[in-house]
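S.K.: Dropping the sequence and predicted coords here.
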Amino acid sequence: MNRKRIIDIIIILVLACAPLFLNTYWVDVLNNIGIYAILALSLNFILGHTGLFHMGHAAFYAIGAYTTAILNTMYHIPIIWLMPLSGVLAGIFGYLVARPIIHLRGDYLLIVTIGIVEIVRIALVNNIFGITGGSNGIFGISRPKLWGFVIRRPQDFFYYIWIFLGISVYLFYRLENSRFGRALNYIKEDDLAAEGSGVDSSGYKLKAFIIGAIWAGFVGNIYASKMTIISPESFSFWESVILFVIVILGGSGSMRGIILGSFLIIGLPELFRQFASARMLIFGAAMVVMMIFRPQGIIPPKPRTYNLDFLKLGEAEK
Amino acid sequence: MELFIQQLTNGLAIGGIYALIALGYTMVYGVMKLINFAHGDLFSIGAYLGLTLLLSLGLVDKIGVLGGILLLMLMVMGLVGIIGIILERVAYRPLRKADRLSAVVSALGASIFFANSLMLIYGAKFRVYPHNILPKMAVDILGMKIPLIRILLLLASFILMTALYLFVQKTKTGTAIRAAAIDQGAAKLMGINVNKIISIVFFIGPALGGAAGIMVGLYYGQINFLMGWLYGLKAFIAAVIGGIGNIPGAMLGGIILGVVESLGAAYVSFAWKDAIAFLVLIIILIVRPTGILGERVAEKV
């Protein structure tokens, strides 16, 4: 076992025991960190791996959360059943909005995705179709129930969220190291060359968008049942900016970096509470300083390595 | 018709303000390919500095309304411009060779820093501009009463934009700015001090934004430390609509956005006003992926 793996295992063990020695407040902070970490991992797929400047991820998150909230409060469908549906609807929404704009280059895509998240938020505030509850939002969402056990306390949610994070890390890891993941990285480095090598770049970009959106929809479901009350303010442009910052500051394309980034961006302001109103000031300055000292992110991704043993290069040298 | 003309002039006045802020985005983008997310907050700093200087110096009482406001504007433009230069030195210059998105995150950090400094200095509540500075006159145009301030605002932004346009097109420094925007490496080889050009751009852009800040203070009468976000975002949309990096494009985009938004708020729905701005943006970008005046860049192979 290498050092990195040992550190990973220690961190996982410490986290698994965390609810035993932390009070409810800090467990809830960890829950928020977990939620942002999953969202950031799903954004990482679009921003970090495919290199699409996407600053509107909160829109998909909002679709997932509102799907859950509306269907749960109106038709009393259990939360767990709504999770796949939230993901699918967020994915369909992602497809519909990304389809016409996927060809836009860099910064143009950035501003359009900002536009999408703002339009979604304004639509929610204006109580579109009369089902979103306007700026008050929706309340009375029920708790998730797994095999008869109702997830209610922050400690329960801690395991619910962090196990989901673990599953996400595993699946994203598999996806990153698949043919699909390599194609996305190729597009990020040089989409013209990728196109020339027969990679359908808009198709892959669109798929990356949809996968990211589906995952954000799942997280929306978790968030809605955790809060039991949701309002449009939780899905503003600002949330998208935070996710964007987590990915870039943590190290785009690197899952370790992004999870650490979530700890820093969501956790640090909590530690700065003693500075009261100056804490966001310090936070802003810290962002600039961290970027200057680690422009590649805190833990940049390692370059891909390929096992070339099958070429028997070593034997030729002997 | 009355409503239409009123909304149109209102839209033109706001459009002029958007255009001034958009110029800051577009000039910085042109030279550095960086979206300066802190630009909106430089605009709020301009509004607050204007208020402080207005109240503390009493210029309007000493040298008359027009001269006082003119002098105030020049002072604020100078101060905000200097803040812009410092911002570039501290937050962007170390990242010039780094990945573009790193600079974007640095800009977001700077934006949070500025907005919260304003909150700590001036408080989180709305601050009110003295409402009796400009005479509450209305000008009679074709039987319709248009508030004087709207015309003055439009005039002021028009003068500033013309001055900028002439500066960029006719002077030697302006030519150097254009050269640096096209190809920094070649500009360096031609003996242009690119660092100096970037500093000049970071003076002019924020200075225009600061001027827009005072204009908003005078027009709406109240300012808030968070307003930079919304105005910054709108101005950024304006810059993109016109074709980011293109100076006349930013002016055109600002005016179009101001007018569409104002008419949309009146005829379609006030609650959807901000969504209309984004919808216009998305439609224009779907039809013309690089904005109205943006040149079509051939993909380099």
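M.R.: Yep, that arrived.

S.K.: Could you use CA atoms for every contact and neighbour count after this?
M.R.: Will do.

S.K.: residue boundaries of the strands in the stretch 51-200 of chain A?
M.R.: Taking DSSP state E, counting those that start in this stretch to define them, one finds strands in the stretch 51-200 of chain A at A:138-139, A:145-146, A:149-150.

S.K.: Could you give the number of residues near B:Asp99?
M.R.: The number of residues packed near B:Asp99 is 12, by other Cα atoms under 10 Å in any protein chain shown.

S.K.: next one: phi and psi at it?
M.R.: phi -60, psi 150 (degrees, to the nearest 10).

S.K.: which residues are in contact with stretch A:257-267?
M.R.: A:29-30, A:32-34, A:36-37, A:40-41, A:242, A:246-247, A:249-252, A:297-301 (Cα atoms under 8 Å, 6 or more residues apart in numbering or on different chains).

S.K.: likewise stretch B:221-232?
M.R.: B:18, B:21-22, B:37, B:39-44, B:47-48, B:115-116, B:118-119, B:124-131, B:216-217.

S.K.: what does the stretch 51-200 of chain A have sitting close to chain B?
M.R.: A:100-101, A:104-105, A:108, A:111-112, A:115-116, A:118-119, A:122-123, A:126, A:192 (Cα under 8 Å from any Cα of the partner chain).

S.K.: Drop anything exposed from the contacts of stretch B:221-232.
M.R.: For these, a burial check counting by 16 or more other Cα atoms under 10 Å in any protein chain shown picks out B:18, B:21-22, B:37, B:39-44, B:47-48, B:115-116, B:118-119, B:127, B:129, B:216-217.

S.K.: got the CA positions of stretch A:256-269 in CSV?
M.R.: The C-alpha coordinates for stretch A:256-269 follow below in CSV (Å, rounded to 0.1, in the frame of the first residue of the first chain):
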residue,chain,number,x,y,z
ARG,A,256,-9.2,14.3,-3.8
GLY,A,257,-8.6,18.0,-4.5
ILE,A,258,-12.3,18.7,-4.9
ILE,A,259,-13.3,17.0,-1.7
LEU,A,260,-10.6,19.0,0.1
GLY,A,261,-11.8,22.1,-1.7
SER,A,262,-15.3,21.5,-0.3
PHE,A,263,-13.8,21.3,3.2
LEU,A,264,-12.0,24.6,2.7
ILE,A,265,-14.8,26.6,0.9
ILE,A,266,-17.7,25.4,3.1
GLY,A,267,-15.8,24.6,6.3
LEU,A,268,-13.4,27.6,6.5
PRO,A,269,-16.2,30.3,6.8
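
S.K.: pLDDT of it, averaged?
M.R.: Here stretch A:256-269 scores 87 as its mean pLDDT.

S.K.: For it, what is the distance to the chain centroid?
M.R.: 12 Å (Cα atoms, centre = their mean, to the nearest Å).

S.K.: One more: stretch B:161-169?
M.R.: The answer for stretch B:161-169 is 15 Å, by Cα atoms, centre = their mean.

S.K.: all helices of the stretch 1-150 of chain B, in order?
M.R.: For the stretch 1-150 of chain B, the helices defined by DSSP state H, counting those that start in this stretch cover B:2-32, B:39-57, B:59-63, B:65-87, B:100-122, B:148-170.

S.K.: picking up where we left off before, helices - which of the contacts of stretch A:257-267 land there?
M.R.: A:29-30, A:32-34, A:36-37, A:40-41, A:242, A:246-247, A:249-250 (DSSP state H).

S.K.: Which of those sits closest to chain B?
M.R.: Nearest to chain B among the ones in helices among the contacts of stretch A:257-267: A:Leu249, at 7.5 Å, using Cα to the nearest Cα.

S.K.: nearest to chain A, of the helices of the stretch 1-150 of chain B?
M.R.: So among those, helix B:100-122 is nearest, using Cα to the nearest Cα, at 4.1 Å.

S.K.: Okay, angle between that closest one and helix B:39-57 too, please.
M.R.: 20 degrees (axes from the mean of the first three to the mean of the last three Cα atoms, to 10 degrees).

S.K.: Quick check: pLDDT value at the spatially most central residue of chain A.
M.R.: Geometric centre of chain A, nearest residue: A:Leu39, 1.6 Å, by Cα atoms, centre = their mean. As predicted, A:Leu39 sits at a pLDDT of 92.
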